Structure formats: structure tokens, C-alpha cells
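In: Have a look at this prediction, sequence included:
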Amino acid sequence: MTVTIIIPCYNSEKTLEHTFRSIREQTATDWTIVAVNDRSTDATPDLLAALASQDPRLTVIEGQGKGASAARNRGLEDITTDLVAFLDADDLWEPQRLATFIDLFAGRPDADIAYSRFAFFGEEPGDNLTVSTVPDAPLSVLDLMRENPVGTMSNLVMRRSALERAGLFREDITHGEDREWLVRAAARGLTIMGIDETLLHYRTSIGGLSTDLEKMYDGWRKSVQTATDLGALPPASALKSAEAVYLRYLSRRALRLGMPPATALTYALRGARMSPRGFFSDGARGPLTLGSALAGLIAPRLMRDALANR
């Protein structure tokens with residue numbers, strides 16, 4: 001199976017070569033890349049031109065400067081391969097990632113969309129102890145309204161037919177567009193399967209899109225509206241619990257990124273008040289999150305980090 005890899009690129013000069021190296025090091029070699037230069041103002045266009053001259057499997061096209069979702073939709077316009085993968089220009093893949101997904105789709109005709117476990121990192125893989133979890137069962141709308149185990153667009157691999165059934169990405173959502181698309185897909189009956197193996201390294205850095213927590217929360221609300229529109233909204237009590245879990249996630253994210261301690265505590269308290277059952281679900285995660293947020297006001301950064309990474 002050939003895989004088309006869609007990469008939106010905007011001012012990515014510092015990370016682009018490392019990301020492309022992680023693709024070139026894949027054990028599976030039957031892939032093509034469509035890199036969309038979204039009107040970068042740094043050296044990204046020159047880097048893309050140099051990379052394309054070294055590997056004919058890379059095609060560079062121009063975006064309209066309308067953001068990552070629009071760039072991804074632009075990259076999808078002319079694809080013909082059966083499988084499509086997405087990768088942001090600052091994330092990294094393990095060498096066996098594509099081969100593992102190709103094997104999954106070859107052996108599971110019922111799988112429409114797949115993702116893996118992923119690890120956070122700052123500068124180099126391994127510098128952050130936080131790793132995601134993968135549920136045993138295919139994802140439901142309710143699963144996606146909690147912490148969203150997929151986590152990032154860089155973790156999505158799918159059949160092209162899944163895009164035809166679920167539609168393209170909403171260009172009016174800048175934070176959480178992956179969740180909204182997955183909610184659409186799940187609501188329309190597509191099967192979203194996880195691989196319990198760490199195959200992706202997801203970069204987090206202060207100032208990136210994923211650090212604007214209120215816009216992430218707004219993206220979550222848009223996913224709720226999508227589920228409502230498609231008649232797939234979970235029961236009110238379950239949704240309230242899921243929102244508390246998501247607020248817990250925002251609190252943990254604030255801690256992980258070293259944001260002001262009051263930010264993490266605000267989200268933790270909102271979640272705990274909204275649904276104690278939801279916030280304190282999943283074993284020790286709720287108490288640890290709240291404890292880390294409280295400790296952030298009085299404890300050294302090292303202690304705060306130790307709690308947040310558990």
C-alpha cells in the first residue's frame with residue numbers, strides 16, 4: 001500500500017529537516033509526500049526546494065496562508081493513494097511507524113482510521129516522560145470528548161475512503177480541528193482503531209498553537225456542536241463528565257508546558273467542580289493533577305514537573 005503524507009509547513013525552518021529525516025528513515029519506502037508551504041516568511045521555501053531536489057517522492061505546493069486545516073485540505077486535492085497520513089512539520093515518527101500502519105490496514109479491512117500511542121517531547125525525544133494511552137476498543141464520540149487519545153493530527157493515518165465519508169477539515173477551527181473531524185467520522189460510523197505502541201513524538205513548546213488553552217477549549221465546544229448536529233451527542237451526564245476530564249487535560253497541559261501555576265489550578269478546579277466523578281476518574285490522574293496544580297503555587301518547579309509527568 002502506498003501512503004501519501006500531508007505536511008503543512010509554516011515558518012518551519014528550525015524543525016523541518018529533522019521531521020523529514022524521520023520520514024526518510026521509515027522501514028516502509030512506498031510513500032509520497034505533499035508538503036504545503038503556507039506562505040512562510042522564513043527559510044522554509046528554500047528548505048523544501050532543497051529537500052524536493054534530493055527526493056522525487058516529495059512534491060511541494062503552495063497554500064493560501066489560511067492556516068493548517070486549509071493547507072491540509074489543499075494537499076488532499078489530488079491524492080490517489082489508498083492510505084493518507086498527516087504529519088506536522090515539527091513532529092517525529094519512529095522508523096517502523098508507516099510499516100506498522102500498512103500492516104494494520106492490510107489485515108483489518110474494518111479499520112477506517114488508525115492512530116498510535118505517542119510521547120511528548122520538547123527539544124529531543126525522551127526529554128519528557130509523558131506518554132499517551134490507547135483504549136482497547138475503537139473510539140466513540142464520548143471517548144473523543146474526553147482527552148482524545150489521538151492527540152494530534154500527526155497521529156492520524158486513514159483510508160482515503162474515510163476522508164470521502166467524513167469530509168475535509170473545517171478551516172474555521174484553528175485548535176482541535178482533529179477532534180472535530182474525528183467526532184464527525186465516529187458519528188458517521190467509521191471505525192477508529194489504536195495501536196498500543198509509541199510510534200510518534202509530539203513536540204510541545206511555549207508559544208505554539210497547542211499552548212492557547214482557551215482556544216483549545218473553544219475547539220472542544222465546536223466538537224460538541226458537531227456531535228449535536230449529527231445526532232450523536234452523548235447523554236448530558238456523560239458529556240458533563242467528559243468535559244471535566246477535558247478540563248483536567250488542559251490543567252495537565254498547562255503544567256507540562258510550564259505555564260503560570262494559576263492557569264493549571266484554574267482548569268483543575270473548574271473540572272473538579274463540574275463533575276467530581278469525571279475529574280477524579282482514571283485512577284490517580286485526577287488527584288495528581290489537582291495536587292500538581294496546588295503544588296505549583298508553593299513548590300519548586302522540579303517537584304511540580306515530577307507530579308505532572310506521572
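Out: Sure, I can see it. Numbers count the residues shown, from 1 in each chain.

In: Pull the number of nearby residues for the residue lying closest to Gln26 once chain neighbours are set aside.
Out: Closest residue to Gln26 apart from its sequence neighbours, by Cβ to Cβ, 6 or more residues apart in numbering: Leu98 at 4.8 Å. All C-beta atoms are positioned from the backbone trio N, CA, C, and that covers glycine. By the criterion of other Cβ atoms under 10 Å, Leu98 has 24 neighbours.

In: Next, the contact list for Leu98, please.
Out: Contacts for Leu98 were tallied using Cβ atoms under 8 Å, 6 or more residues apart in numbering; they are Val3, Gln26, Thr27, Ala28, Trp31, Ala85, Val157.

In: Counting neighbours, which of those comes out on top?
Out: Highest neighbour count within those, by other Cβ under 10 Å: Val157, with 26 neighbours.

In: quick one: contacts for that residue?
Out: For Val157, counting by Cβ under 8 Å, 6+ apart, the contacting residues are Val3, Leu83, Val84, Ala85, Phe86, Leu98, Phe101, Phe105, Ile113, Ala114, Tyr115.

In: Identify the bridge partners of it.
Out: Counting by DSSP bridges, Val157 forms beta bridges with Ala85, Ala114.

In: State the distance from it to His175.
Out: Using Cβ to Cβ, to the nearest Å, Val157 is found at 22 Å from His175.

In: Figure out the helix or strand that Phe101 lives in.
Out: Element membership for Phe101, per DSSP states H and E: helix 97-107.

In: nope, Phe120 is what I was after
Out: strand 113-121.

In: That strand - what's its average pLDDT?
Out: Per-region confidence: strand 113-121 scores 96 on mean pLDDT.

In: what about Asp212, how many neighbours?
Out: 14.

In: tell me the secondary structure for the spatially closest residue to it that is not a sequence neighbour?
Out: Excluding the flanking residues, the one nearest Asp212 by Cβ to Cβ, 6+ apart is His175, at 6.2 Å. Under DSSP: H, G, I helix; E, B strand; the rest coil, His175 falls in the coil class.

In: Quick check, pLDDT for His175.
Out: pLDDT, read off for His175, is 91.

In: Next: Asn309.
Out: According to the prediction, Asn309 has pLDDT 50.

In: same thing with Gly207?
Out: Here the pLDDT value assigned to Gly207 is 46.

In: Likewise for the one 3 residues further on?
Out: Ser210 is assigned a pLDDT of 46 by the prediction.

In: Ok, Ala272 next?
Out: So, for Ala272, pLDDT stands at 97.

In: so how far is the host helix or strand of it from its chain's centroid?
Out: Here Ala272 is covered by helix 261-274, with elements defined by DSSP H and E. Per Cα atoms, centre = their mean, to the nearest Å, the displacement of helix 261-274 from the mean C-alpha position of its chain is 23 Å.

In: now do stretch 119-134
Out: Taking Cα atoms, centre = their mean, one finds stretch 119-134 lying 13 Å from the centre of the chain it belongs to.

In: again with stretch 114-128
Out: Using Cα atoms, centre = their mean, the offset of stretch 114-128 from its chain centre is 11 Å.
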